[in-house]
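Novice: please find the sequence and the predicted model below.
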Amino acid sequence: MTLPHTNSRVGHLTRRERTVTRSIRISESALQALEEDARSRSISLNTLINQLFLAHANWGRFIDKVGAIRTPRESFSQLLNASSDEAIREAARLSAPDTPRAMILVKHGELSLRTVLDYIRSAATYGGYAQYNEIQSQGKTVITVIHALGRKGSLFISSIIESLLGMVNAHYKLSSSEHSVVVEI
């Protein structure tokens with residue numbers, strides 16, 4: 001199978017990755033499921049497979065090491081809505097120095113602004129709960145995390161981001177709305 005050329009983010013730059021050709025064997029039922037999924041997304045099988053490989057390489061292999069569980073977005077949103085604002089802030093404050101910090105160190109070997117931003121991007125992109133956007137504007141990096149978790153989701157995401165950025169003493173401005181969190185660094 002030939003993997004396609006893809007754009008991947010490295011720091012704040014986008015670069016074209018070199019592709020390689022490999023032959024692999026997969027079960028017929030897996031191939032059928034992948035082909036069906038690719039058709040439903042209107043993308044090629046090659047693109048879908050590369051996206052799956054990138055999701056594993058950039059997120060899955062690290063999140064698996066910490067024993068993460070997958071839960072539907074709606075269930076997570078209901079848990080947030082059943083919690084007080086203070087409990088959400090406290091959960092985020094307590095979790096950032098633990099699992100996210102460990103994942104950053106396992107992946108990068110260092111805790112820095114660059115590696116924290118990579119974690120935020122990867123968590124949003126591959127974690128299945130948000131969309132991530134990053135632009136450079138007037139000498140600042142502006143990150144927007146868009147989600148469907150409501151006000152308490154924004155509170156949780158904001159609190160995690162604040163804790164992570166605090167660990168590297170970053171100077172930032174954070175704002176949020178019901179469905180987005182914006183960070184200017």
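Specialist: Done, it's in.
Novice: OK, contacts around the closest residue in space to Gly60 that isn't next to it in sequence?
Specialist: Here the nearest residue to Gly60 in space, its sequence neighbours aside, is Tyr126; by Cβ to Cβ, 6 or more residues apart in numbering that works out to 7.0 Å. (C-beta placed from N, C-alpha, C; glycine too.) Taking Cβ atoms under 8 Å, 6 or more residues apart in numbering, we find Tyr126 in contact with Ala55, Asn58, Trp59, Gly60, Ile63.
Novice: okay, now the last one: neighbour count?
Specialist: Going back to what we said before, that points to Ile63. By other Cβ atoms under 10 Å, 18 other residues sit near Ile63.
Novice: OK, contacts around it?
Specialist: Per Cβ under 8 Å, 6+ apart, neighbours of Ile63: Met103, Tyr126, Gly127.
Novice: can you tell me the helix or strand for the first one?
Specialist: Meaning Met103. Element membership of Met103 [criterion: DSSP states H and E] is helix 99-108.
Novice: now that helix: buried residues?
Specialist: In terms of neighbour count (16 or more other Cβ atoms under 10 Å), helix 99-108 has its buried residues at Pro100, Arg101, Met103, Ile104, Lys107.
Novice: immediately after it, which helix or strand?
Specialist: For helix 99-108, the succeeding helix or strand toward the C-terminus, using DSSP H and E, is helix 113-126.
Novice: in that following helix, what counts as buried?
Specialist: 113, 115-126.
Novice: I'd like the next helix or strand past it.
Specialist: strand 130-137.
Novice: ok, and what's touching that next one?
Specialist: With Cβ under 8 Å, 6+ apart as the test, strand 130-137 has contacts from 9, 12, 117, 120-121, 123-125, 141-147, 149, 157.
Novice: again, only this time at 7 Å
Specialist: Defining contact as Cβ atoms under 7 Å, 6 or more residues apart in numbering, one finds that strand 130-137 is touched by His12, Arg121, Ala124, Thr125, Thr141, Val142, Ile143, Thr144, Val145, Ile146, His147.
Novice: repeat that for stretch 164-173.
Specialist: With contacts defined as Cβ under 7 Å, 6+ apart, stretch 164-173 is touched by 96-97, 100-101, 111-113, 116, 119-120, 183-185.
Novice: quick one: average pLDDT of the top helix by length along the chain?
Specialist: Counting residues, the longest helix found in the chain (DSSP state H) is helix 150-167. Here helix 150-167 scores 95 as its mean pLDDT.
Novice: buried stuff in it?
Specialist: Within helix 150-167, the residues scored as buried using 16+ other Cβ under 10 Å are 152-165, 167.
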